[in-house]
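K.L.:
okay, sequence plus prediction incoming.
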Amino acid sequence: MVPITDYNAVRELAGQVRKSVGKVIVGKEDLIDKLFIALVTSGHVLLEDVPGTGKTLLAKSLAKSVACTFKRVQFTPDLLPSDLSGIYYFNQKSSEFEFRPGPLFTHILLADEINRATPRTQSSLLECMEERQISIDGVTHMLENPFLVIATQNPLEQQGTFPLPEAQLDRFLFKLSMGYPSSEESVHILKRFKEAQPLELLTAAASIHELLHARETAAKVFISDDVLKYIVDLAERTRKDELVASGVSPRGCQALLKAAQVQAILQGRDFVTPDDVKQLAPAAWAHRMLLRGTAHTRGRVGTAEEVILRILQEIPVPSEESILP
């Protein structure tokens, strides 16, 4: 039995991170909460939006708010896998080969414009995103804990890009969009940045130890068999839908389960409800579905979200009595 104080501590930690990031990013509380969920669940996030909406600034603000190491890599067609992982070089002083780690050895990695790198370089992220390790010259190196990849891509510019394969998309917990700010938010942004850079004033609101403890606590959140069956029913329905060529994978079900456990804590509960699943399913599953039709429909959040929202309405929800601890 997990003490209720542990759950309260996780919720307070999320509030502290939200408040800290909010000193730089105007609005977007729901987006910040999803990034916190990704950190706690060892997930990764794909941010797809037009340039200038604050994707890089959001990633930097999160890293400073949780006292994590942060590295940014601009993905380009000439970027090599070794530019990410690191290399062994010959040290003439010691007459031995030594390993020089690359930017993958960090807590939060910003993969800027990830779809501009070649498939060879993109595939070098598969092992580290799933297993939190990287193999170089037959030697396995463990990555930092926690380890979070925040990748960005521009949905408008397709020339000179390489679409992410399904195997890599399936390793992202969420696919999110910043969106344009409202008129009121735009005014606040101009006021906030007219004289100073608030990012430089940010201090850590959470430690790595607190994040790891939050991960252990979230894993113990109760989820009934009926809610588990509900997640599976939703996933199986995506695999049978006439508009979907490839539905949600078992990895997608596990990702949604873990995310829903953290979401329950943020909502002040120690058990998962169908509403937690419903709130996170579009962001967690839309990018994992391959739609029928032309290749350009792949990964389109709007169309895939519509399919998921329709399926959420079609599948019966478990009764309230069956979801309680």
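P.N.:
Done, it's in.
K.L.:
helices and strands around the helix-or-strand element of the chain with minimal mean pLDDT, which ones?
P.N.:
Using mean pLDDT, DSSP states H and E, the weakest-scoring helix or strand in the chain turns out to be strand 86-91, at a mean of 77. Counting by 3 or more Cβ pairs under 8 Å, 6 or more residues apart in numbering; DSSP states H and E, the packing neighbours recorded for strand 86-91 are strand 96-101, strand 133-136. All C-beta atoms are positioned from the backbone trio N, CA, C, and that covers glycine.
K.L.:
pick the most deeply packed of those strands.
P.N.:
A comparison of those by mean neighbour count, using mean count of other Cβ atoms under 10 Å, puts strand 133-136 on top with a mean of 16.
K.L.:
returning to that earlier point: angle of the least confident helix or strand of the chain against strand 96-101?
P.N.:
150 degrees (axes from the mean of the first three to the mean of the last three Cα atoms, to 10 degrees).
K.L.:
now strand 86-91, how far from the centre of its chain.
P.N.:
Its chain's average C-alpha position is 32 Å from that of strand 86-91, according to Cα atoms, centre = their mean, to the nearest Å.
K.L.:
may I have the strands that pair with it, each with its orientation?
P.N.:
Applying DSSP bridges, strand 86-91 is found paired with strand 96-101 (antiparallel).
K.L.:
check which helix or strand covers the nearest residue to residue 219 once chain neighbours are set aside.
P.N.:
The shortest distance from residue 219 to any non-neighbouring residue, by Cβ to Cβ, 6 or more residues apart in numbering, is to residue 261 (6.8 Å). Here residue 261 sits within helix 250-266, counting by DSSP states H and E.
K.L.:
buried residues of that helix, list them for me.
P.N.:
Buried residues in helix 250-266, counted by 16 or more other Cβ atoms under 10 Å: 252-253, 255-266.
K.L.:
and stretch 268-281, what's its mean pLDDT?
P.N.:
Here stretch 268-281 scores 92 as its mean pLDDT.
K.L.:
what residues of it count as buried?
P.N.:
So for stretch 268-281, counting by 16+ other Cβ under 10 Å, buried means 269, 270, 272, 273, 274, 276, 277, 278, 279, 280, 281.
K.L.:
what about those residues, which are in helices?
P.N.:
Members of those lying in helices (criterion: DSSP state H): 274, 276, 277, 278, 279, 280, 281.
K.L.:
farthest pair within the residues you listed?
P.N.:
Spatial extent of those (Cβ to Cβ) is set by the pair 274 and 280 at 11.2 Å.
K.L.:
ok, residue 101 - contacts?
P.N.:
Contact partners of residue 101, counting by Cβ atoms under 8 Å, 6 or more residues apart in numbering, are 85, 86, 141.
K.L.:
give me that answer again for 7 Å
P.N.:
When contacts are counted by Cβ atoms under 7 Å, 6 or more residues apart in numbering, residue 101 touches residue 86.
K.L.:
so what touches the least confident helix or strand of the chain?
P.N.:
Residues contacting strand 86-91 (Cβ under 7 Å, 6+ apart): 97, 98, 99, 100, 101, 102, 136, 137.
K.L.:
closest to residue 203 out of the helices and strands packed on strand 86-91?
P.N.:
Residue 203 sits nearest to strand 96-101 of all the helices and strands packed on strand 86-91, at 26.8 Å, using Cβ to Cβ.
K.L.:
okay, now the unreliable bits of the stretch 151-300 of the chain?
P.N.:
157-160, 294-300 (pLDDT under 70).
K.L.:
apply 50 and report the result again.
P.N.:
Under the criterion pLDDT under 50, the flagged ranges of the stretch 151-300 of the chain are 294-299.
K.L.:
next one, pLDDT for the residue nearest the centre of the chain please.
P.N.:
Geometric centre of the chain, nearest residue: residue 45, 2.4 Å, by Cα atoms, centre = their mean. The model reports residue 45 with a pLDDT of 92.
K.L.:
touching, it and residue 38? I think so.
P.N.:
Yes - counting by Cβ atoms under 7 Å, residue 45 touches residue 38, with 5.0 Å between them.
K.L.:
and residue 112, what are its bridge partners?
P.N.:
Going by DSSP bridges, residue 112 is paired in beta bridges with residue 74.
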